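1. sequence plus the predicted model coming up.
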Amino acid sequence: MGFGDLKSASGLKVLNGFLSDRSYIEGYVPSQADVAVFEAIGGAPAADLCHALRWYNHIKSYQSQKNSLPGVKKPLGQYGPSNVADTTTGAVAKDDDDDDDIDLFGSDEEEDAEAARLKEERLAEYAAKKSKKPALIAKSSILLDVKPWDDETDMAKLEECVRSIQMDGLVWGQSKLVPVGYGIKKLQIGCVVEDDKVGTDLLEEQITAFEDFVQSMDVAAFNKI
């Protein structure tokens, strides 16, 4: 379990894939897990690792208050996906004693019991949430203009970076390229947000963090739903 060497290209690639459908290392809010991984990287990921770069820039904004973030730091190897290859040896980590592989039934039973317990907990949480009447959620439909630096900017990559921004209360919609002159096109993309969770300032902060591609972001239209 783990990302491997986060100062290597392979480790950062694993981190980028891990964050492709997550906003944070653990849970739905910044925590000490994010701080531990952030400090292990030591610098911003390359622009082509858009998921990792988006996460890095977001966690960087919490550095002045990192000690107040929830959770307790664990060893770095306890964060990340399972079955990651050991980047220092080029092989999947395993016990030195091959005879240990024979004892499969005991570990399977423990894993099955843990999986069953987690499933029961999640089902109980889901049932508790369903039993409560949902409150009215205020939402807005927003149309954004995202402008590149010049006509040589890879607009497909720019849109990929924008859509890599994932957070609770945000759903991306349709997009198109709109000419602005001198061969330059801007990305016009729609989204639906929950007003209590996502604001235009937060969207601008995260979109303009992709500074290799994005010059600026403007709100073209804003409508309450």
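-> Yep, that arrived. Predicted, not measured: the structure shown is a model, and the values here were computed from it. Residues are numbered from 1 along each chain as shown.

2. residue contacts, the nearest residue to residue 185 once chain neighbours are set aside?
-> Distances taken as C-beta to C-beta, 6 or more residues apart in numbering place residue 177 nearest to residue 185, at 4.3 Å, with adjacent residues excluded. The way it works is simple: take the backbone N, C-alpha and C, and place the C-beta from them, glycine included. Residue 177 makes contacts with 155, 185, 186, 187, 188, as judged by C-beta atoms under 8 Å, 6 or more residues apart in numbering.

3. on the three-state scheme, residue 177 is what?
-> Counting by DSSP: H, G, I helix; E, B strand; the rest coil, the backbone at residue 177 sits in strand.

4. show only the entries of the contacts of residue 177 found in helices.
-> The helices, defined by DSSP state H, take in residue 155 from the contacts of residue 177.

5. most neighbours, which of the contacts of residue 177?
-> residue 187 (24 neighbours; other C-beta atoms under 10 Å).

6. how many neighbours does residue 127 have?
-> 9.

7. now do residue 54
-> 23.

8. packing partners of the helix or strand hosting it?
-> Secondary structure from DSSP states H and E places residue 54 in helix 50-60. Judged by 3 or more C-beta pairs under 8 Å, 6 or more residues apart in numbering; DSSP states H and E, helix 50-60 is in contact with helix 9-18, helix 32-41, helix 155-163, helix 200-207.

9. so which residues make contact with the third one?
-> The set of residues external to helix 155-163 that reach it, using C-beta under 8 Å, 6+ apart, is 48, 50, 53-54, 146, 148, 172, 175, 177, 185, 187, 189, 207, 210, 213-214.

10. kindly recompute the last result at 10 Å.
-> Here helix 155-163 makes contact (C-beta atoms under 10 Å, 6 or more residues apart in numbering) with 47-48, 50-51, 53-54, 144, 146-149, 154, 172, 175-177, 184-187, 189, 191, 203, 206-207, 209-210, 212-214, 217.

11. same question for the last one.
-> Contacts of helix 200-207 from elsewhere in the structure, counted by C-beta under 10 Å, 6+ apart, are 54-55, 57-58, 61, 140, 142, 144, 146, 158, 161-162, 164-167, 170, 187, 189, 191, 193, 198-199, 213-214, 216-219, 222.

12. which of those residues count as buried?
-> 54-55, 57-58, 140, 142, 144, 146, 158, 161-162, 164-167, 170, 187, 189, 191, 193, 198, 213-214, 217 (16 or more other C-beta atoms under 10 Å).

13. now do the phi/psi pair for residue 217.
-> Backbone torsions for residue 217, taken as degrees, to the nearest 10, come to phi -130, psi 140.

14. show me the contacts for it.
-> Residue 217 makes contacts with 144-147, 162, 186-187, 189, 200, 203-208, as judged by C-beta under 10 Å, 6+ apart.

15. swap in 8 Å and give it another go.
-> 144, 145, 146, 147, 203, 204, 207, 208.

16. doesn't residue 216 make contact with the last one?
-> Yes: applying C-beta atoms under 8 Å as the test, residue 208 and residue 216 come out as touching, 6.8 Å apart.

17. just how off-centre is the longest helix seen in the chain within its chain?
-> The residue-count maximum for a helix in the chain (DSSP H) belongs to helix 104-131. Mean-position distance between helix 104-131 and its chain equals 25 Å (C-alpha atoms, centre = their mean, to the nearest Å).

18. I am finished for the moment; much appreciated.
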